[in-house]
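**Q** no sequence for this one, just the structure:
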């Protein structure tokens, strides 16, 4: 939303309605008029139950925040109720406005049964609300569109868009360490993070000094760190935690390969960012990758950690070939430039307004 809204703001008035914690984190990146609201828990450490309460408070606070202007388009950046409910209520206060929702698919986390049940109900509530009340739904692949059509959403309500990327023409090389591979993503099971360590163990059997950078945070971080120690890979694996901006760009640009053994993706924005930095990407062969990236990834069958390790070793031992793949990837991914994506989405929304 930050990326596309930056381009939308050229010639249009854009409002961001954002909680205090969110503003402290990304406020300097926002372009437009920023409306910041606060809740009693915005400064508290957040666990599961406090998190639930926090999002309820945010939903209520955002729903009744007075934006002193007439709005033509109201955008919910996800299908979750904490985005959809306020957007719907603001639409009621602006009768001529149109509700636009981004839907990336239902997301049920791993973990305790209570958490999974709560998440399922929460996802379902959001789905029921936006599928019936939105005027336009953006999805990032045809499979998600088919899912909506199968569940009664009208074809003219749906527009297939893409995620985007900033293409790095000249990679930053000012880093203390050059990594043989890097991973960027949330540290959860469906991102293949445990496969990640097994794969790197296989790489290190052939190349004992190979270094892997892991960028991201999540509930499996502690267990992953223990696994690294158990497998004797402390000198081969570096955890950076959650990083973004320049720090993230430097680490990615100073890696030779992007390793991404995810089991579930709706598009693959981390992959696109790595391609934009000129890295060859090694991943499992997910159906969506063919639609988004065609034949530009190095893929192996789902769950085949040995095959992934072999592909990485091959690329490390054949740097000229790896560079050639990386250059082709960077050229290919230019089609997903954020400016192009935002202009297409804005055009669809303007057409929606003109139908009033």
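**A** Here it is on my side, so go on. The model shown is predicted, which means the values in this text are computed figures rather than measured ones.
**Q** Quick one: the helices in the stretch 201-350 of the chain, in order.
**A** 221-230, 245-253, 269-276, 287-293, 305-317, 319-332, 338-354 (DSSP state H, counting those that start in this stretch).
**Q** What helices and strands are in contact with the longest one?
**A** Packing partners of helix 338-354 (3 or more CB pairs under 8 Å, 6 or more residues apart in numbering; DSSP states H and E): helix 2-8, strand 73-76, strand 98-102, strand 136-139. Backbone N, C-alpha and C define where each C-beta goes, glycine included.
**Q** Relative to residue 341, which of those is closest?
**A** helix 2-8 (6.4 Å; CB to CB).
**Q** Run through the neighbouring helices and strands of the next helix or strand after the closest one.
**A** Scanning forward in sequence from helix 2-8 by DSSP states H and E, the next helix or strand is strand 15-19. Contacts defined by 3+ CB pairs under 8 Å, 6+ apart place strand 15-19 against strand 33-37, helix 48-63.
**Q** Any idea which of those has the lowest pLDDT on average?
**A** In terms of mean pLDDT, the lowest-scoring of the helices and strands packed on strand 15-19 is helix 48-63 (a mean of 88).
**Q** what's in contact with stretch 17-32?
**A** Stretch 17-32 is contacted by residues 2, 5-6, 9, 13-16, 34-39, 42-43, 58, 61-62, 65, 67, 86 when judged by CB atoms under 8 Å, 6 or more residues apart in numbering.
**Q** Just the buried subset of those, please.
**A** Buried subset of the contacts of stretch 17-32 (neighbour count, 16 or more other CB atoms under 10 Å): 5-6, 9, 14-16, 36-37, 39, 42, 58, 61-62, 86.
**Q** Low-confidence ranges, the stretch 1-150 of the chain, go.
**A** For the stretch 1-150 of the chain, the stretches with pLDDT under 70 are 44-46, 108-112.
**Q** Could you measure from residue 303 over to residue 97?
**A** 46 Å (CB to CB, to the nearest Å).
**Q** out of these two, which sits in the busier spot?
**A** Neighbour totals were compared for residue 303 and residue 97, and residue 97 leads with 19 against 12 (other CB atoms under 10 Å).
**Q** Which positions in the longest helix belonging to the chain come out as buried?
**A** With secondary structure taken from DSSP state H, the chain has its longest helix at helix 113-133. Across helix 113-133, burial judged by 16+ other CB under 10 Å covers 119, 122-123, 126-127, 129-131.
**Q** nearest to residue 257, of those?
**A** Scanning these for proximity to residue 257, where the rule is CB to CB, the winner is residue 119, at 33.3 Å.
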